[in-house]
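Undergrad: compute the structure for the input listed below.
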Amino acid sequence: MSISLIDDHLQFGYHQNTKSKIDFHSHEKAEIYYFHGGKCNYLIGDEIHILSPGDLILMHGLTLHRPKIFEEDDYIRTTIHFDTSYFSQLLEPMGLERVLLPFTKIKSLRIHFEGKQKEELESYFRRIHQLKDNGDLLSVQRSQLLFIDLLAFIYPFCQNSLAKKRTHHSDKEKHVQRVITYIENHYHEEISLEFLEEQLHLSRFYLSKIFKEVTGVTIFTFLYQKRVNQAKIELMLYPNRTVTEVSFAMGFKHASHLSKVFKQLTGMTPEQYRKEVVY
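TA: Residues are numbered from 1 along each chain as shown. Got it, this is the predicted structure:
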């Protein structure tokens, strides 16, 4: 099935199984992505989602993302791209603007559906697909109403994740967020507690204490997890790049250090991961 434009505000692709190389990309429209079956690893920012049938991904679209598909396997998915500002205007008189929060407050969210809930979710996709083939104005309007009902159906599954994305009110949490933001942007550079102390103008002892208190892990555990996540992406996307090259790109001085940390966090070496996930 190909992607169809229901109108300027809603783009719908039902049960697609086409394959083409898709690089990292972003777009202004929000996206609903549903995985029906086959094999796919979906990359969003520094996160890798190893998909299973029934997985639903919600994202605002501006974060770089791309699927990693496999030539020998099916890649069956349904995608919806939509204009949040347009649907916000429709939802406001109903008092339902909150159903758009998963697309505006969270970078991305994966939800797994099973049983009757999975059947109900897939029935929305089928009905929207059937309506869009009619091509008349009334069918377009009914598609929009059905899509709004779909958003309302999905929203309760997102509430726990939305609750976790609260504003960082305390100074302690703000300082920890500054450390996280710095690491997100500079993970590939040499980072030490002394360097963070200088950059953030806070005692390294205080930073270490509050980071562990707020996140449950040490600063360097977080840093290494970030580097390993990025290394996974490099290993997946660039099969010809050596582990040594990946190691240096991630900020490790020695390939053996990456291999050690990689195995501690994933249970396998970079070479084993590449063989298992990529090939």
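Undergrad: and Phe211, how many residues sit next to it?
TA: 22 (other Cβ atoms under 10 Å). Backbone N, C-alpha and C define where each C-beta goes, glycine included.
Undergrad: would you mind confirming that it makes contact with Phe222?
TA: Yes: using Cβ atoms under 8 Å, Phe211 is in contact with Phe222, at 7.5 Å.
Undergrad: need the strands for this structure, in chain order.
TA: Applying DSSP state E to the chain gives strands spanning 3-7, 10-16, 30-38, 40-44, 47-50, 55-59, 65-69, 75-82, 108-112.
Undergrad: show the pLDDT at the spatially closest residue to His129 that is not a sequence neighbour.
TA: In this structure, His129 finds its nearest non-sequential neighbour in Tyr14, 4.0 Å apart by Cβ to Cβ, 6 or more residues apart in numbering. The model reports Tyr14 with a pLDDT of 95.
Undergrad: for Gly61, same thing?
TA: pLDDT at Gly61 comes out at 85.
Undergrad: so how far is Lys29 from it?
TA: Taking Cβ to Cβ, to the nearest Å as the criterion, Gly61 is separated from Lys29 by 5 Å.
Undergrad: between the two, which contacts overlap?
TA: His81 (Cβ atoms under 8 Å, 6 or more residues apart in numbering).
Undergrad: settle this for me: Ile106 is touching Leu58, isn't it.
TA: Yes: under the criterion of Cβ under 8 Å, Ile106 makes contact with Leu58 at 7.4 Å.
Undergrad: who touches both of these two?
TA: Cys158.
Undergrad: okay, the two: which has more neighbours?
TA: The residue with more neighbours, out of Ile106 and Leu58, is Leu58; 23 against 16, by other Cβ under 10 Å.
Undergrad: how far away is the more buried one from Phe12?
TA: Leu58 is 15 Å from Phe12, where distance means Cβ to Cβ.
Undergrad: burial count for the residue nearest to His129?
TA: Counted with other Cβ under 10 Å, the neighbours of Tyr14 add up to 21.
Undergrad: and Glu31, by the same measure?
TA: Glu31 has 18 nearby residues by other Cβ under 10 Å.
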